[in-house]
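Q: Quick one: sequence and predicted model below, then my questions.
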Amino acid sequence: RTVYVNGTYLPETEATVSIFDRAFLMADGVYEVTSVLGGKLIDFEGHLARLERSLSELDIRKPAVFDDLLEIHRELVKVNGIEDGLVYLQMTRGSDGDRDFAFPDPETTEPTVVLFTQSKPGLANSPQAEKGLKIISIDDIRWGRRDIKTVQLLYPSMGKMMAKRAGCDDAWLVEDGHVTEGTSNNAYIVKGGKIITRQLSNDILHGITRAAVLRFAKEAQMTVEERFFTVDEAKQADEAFVTSASAFVMPVVEIDGQSVGDGTPGPVAKRLREIYLEESL
Ligand code: PDD
């Protein structure tokens, strides 16, 4: 696999980053995941805009390479022959060769830029979409700026493992009685034909797939309600689902051992998945 590191395309085995990099020492970096279907990048502009915002919220200087990111994405997709899969991009504050809580001088510190691809053949036809996800609910103990897509992913990662150990697929995070989002996706329920998802704030990531799916839902005359919902409400809902760049629209069929609706993927989730994939391809 060819990867991109700080201006250079090279084999993954030759790619290196400083051990003092602040993303390595302090999770001081941000990332984006853009999916690839049929060799085409999905929602690239949205991911780029969110990346710019993440950098700005953390006072990480926007590197000059920012303007070439589309070209770099395309080049990696091409040289690695990615039909279906994703491009992972990470930008960090870099380092001045030491460990310090204070940020290094942005004038003399270059952000670190890393991109690589992951091939996922048949991504759009995942058997998981037919089965749906079983999820557990866990406390959301992440920091308060989940709108910034940082590489601080330890708790979401632990949540995913808690789910797996419980024989489930993923976890929904709950704060003050309300679902915030999934470990790596946005969360939705459907009740009486209405699509309900938490409103945007600093408490959740502003999903690029979320924005697209809500737009498509409204275009298809579906009703969307952006508001808080509880785990109990989700268990009593007709349907539930999640969205993300890597899962698109993925039905949820069980929450904390209780079936949602009849325990199979619901018609609204299925329809939205179809629309999303049709519009993206
Ligand atoms: N995760 N919420 C969280 C906490 C996420 O990590 C993600 C994405 C989303 C969905 O955002 P989008 O639709 O822009 O992908 C919501 C990516 C896919 C990941 O970490 O791999």
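A: Nice, I can see it.
Q: give the contact list for G192.
A: Contact analysis of G192 by CB atoms under 8 Å, 6 or more residues apart in numbering lists D238. The way it works is simple: take the backbone N, C-alpha and C, and place the C-beta from them, glycine included.
Q: Go again with 10 Å.
A: Listed by CB atoms under 10 Å, 6 or more residues apart in numbering, the contact set of G192 reads T223, A237, D238.
Q: Mind telling me which residue of the stretch 51-200 of the chain is nearest the ligand?
A: S184 (3.9 Å; CB to the nearest ligand atom).
Q: so what's that residue up against?
A: With CB under 10 Å, 6+ apart, S184 has these contacts: 33, 153, 156-157, 159-160, 170-171, 205, 242, 244-247.
Q: buried subset of those residues?
A: 33, 153, 156, 159-160, 170-171, 205, 242, 244-247 (16 or more other CB atoms under 10 Å).
Q: Low-confidence bits of the stretch 151-281 of the chain, can you list those?
A: Low-confidence segments of the stretch 151-281 of the chain (pLDDT under 70): none present.
Q: can you give me how far whatever helix or strand M158 lives in is from the chain middle?
A: Element membership for M158, per DSSP states H and E: helix 154-165. Centroid separation for helix 154-165 versus its chain: 15 Å, with CA atoms, centre = their mean, to the nearest Å.
Q: Quickly check: the one helix or strand S54 maps to near the ligand or not.
A: In the assignment (DSSP H and E), S54 maps to helix 44-57. No: on the criterion CB under 6 Å from any ligand atom, helix 44-57 is out of touch with the ligand, staying 6.8 Å away.
Q: Can I get that helix in CSV? Just the C-alpha atoms.
A: Output of helix 44-57 as CSV, limited to C-alpha atoms (Å, rounded to 0.1, in the frame of the first residue of the first chain):
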residue,chain,number,x,y,z
PHE,A,44,-15.5,14.9,0.0
GLU,A,45,-16.4,18.6,0.2
GLY,A,46,-18.3,18.1,3.5
HIS,A,47,-15.3,16.2,5.1
LEU,A,48,-12.9,18.9,3.9
ALA,A,49,-15.1,21.7,5.4
ARG,A,50,-15.4,19.8,8.8
LEU,A,51,-11.6,19.2,8.8
GLU,A,52,-11.0,23.0,8.4
ARG,A,53,-13.4,23.7,11.3
SER,A,54,-11.7,21.0,13.5
LEU,A,55,-8.3,22.6,12.9
SER,A,56,-9.6,26.1,13.5
GLU,A,57,-11.3,25.1,16.8
